[in-house]
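K.L.:
the sequence isn't on hand, but the structure is:
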Ligand code: B12
């Protein structure tokens, strides 16, 4: 009798320990700071507990960078990542799969394969800056740069610059071949948040 109870106890405890791990999701996370990438330029997959705030926490753990969450009337608010504290019309915002959710990060539940981007942004009358998404084209060494607004709508990022191996080239129409190269390619455009990095 006691033996059976003990077995049930062990099974129960094991199940309890496994549940949180089973609920965790695999999410691509990137954090773009004011002047440089802070974490995950290539959007690595991290194990994340549940929501977009947890995604930042996982990135902070993996990348050993500081962040701070303030308690506000709306709920938890990320007021600092790395060195820079939010203030005035500057601060930290996030996107899920390219679009900016209209709710706090703790309210955005993630699923496997989602992409979370946290970034420093300055907001003006027309909203926040577009974020750049770099895509590889079929032809080897060629890339397309898209600018994505808060609703997730994309347009070709004409005038973007592609950076690779210490050189940078202009992509007047938003697409450009950089030829054979070693290392990662990224894109920038004045007024936009720098892109992800690709090989
Ligand atoms: C300015 C502003 C910002 C600035 C804040 C800059 C700063 N100085 O810190 C920036 C652009 C950084 C920002 C970011 C975000 N914001 Co905002 N923001 C506002 C705005 C326009 C005014 C807030 C304000 O200054 N109030 C006056 C001061 C005196 O009161 P306060 O309580 O001290 O204000 C602070 C908090 O509101 C906090 N804050 C700002 N945004 C958010 C969002 C959330 C979810 C929380 C918990 C706190 C918070 O920052 C303010 C300044 O310190 C409001 C809309 C409004 N009219 O209220 C939206 C608003 C509060 N933001 C909103 C949202 C959704 C966000 C984001 C989650 C967007 C995103 N996808 O990333 C992020 C927050 C992510 C994070 N960091 O955790 C929503 C919240 C909706 C909700 N019910 O949860 C609002 C209501 C706009 C809307 N209608 O959609 N925001």
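P.N.:
In hand now; what should we look at? For clarity, every value in this text was computed on a predicted model and none was experimentally measured. Numbers count the residues shown, from 1 in each chain.
K.L.:
what sits against residue 48?
P.N.:
Taking C-beta atoms under 8 Å, 6 or more residues apart in numbering, we find residue 48 in contact with 24, 25, 26, 27, 29, 54, 55, 58, 110, 116. In this view, the C-beta of every residue, glycine as well, is placed from N, C-alpha and C.
K.L.:
what is the nearest of these to the ligand?
P.N.:
Closest approach to the ligand among these (C-beta to the nearest ligand atom): residue 116, at 10.5 Å.
K.L.:
so how far is whichever strand or helix holds the closest one from its chain's centroid?
P.N.:
Assigned by DSSP states H and E, residue 116 belongs to strand 115-122. Relative to the centre of its chain, strand 115-122 is centred 6 Å away, using C-alpha atoms, centre = their mean, to the nearest Å.
K.L.:
would you mark the buried spots in the helix or strand following it?
P.N.:
Later in the chain than strand 115-122, the nearest helix or strand by DSSP H and E is strand 131-136. By neighbour count with 16 or more other C-beta atoms under 10 Å, strand 131-136 contains the buried residues 131, 132, 133, 134.
K.L.:
and if you look at stretch 45-60?
P.N.:
46, 48, 50-60.
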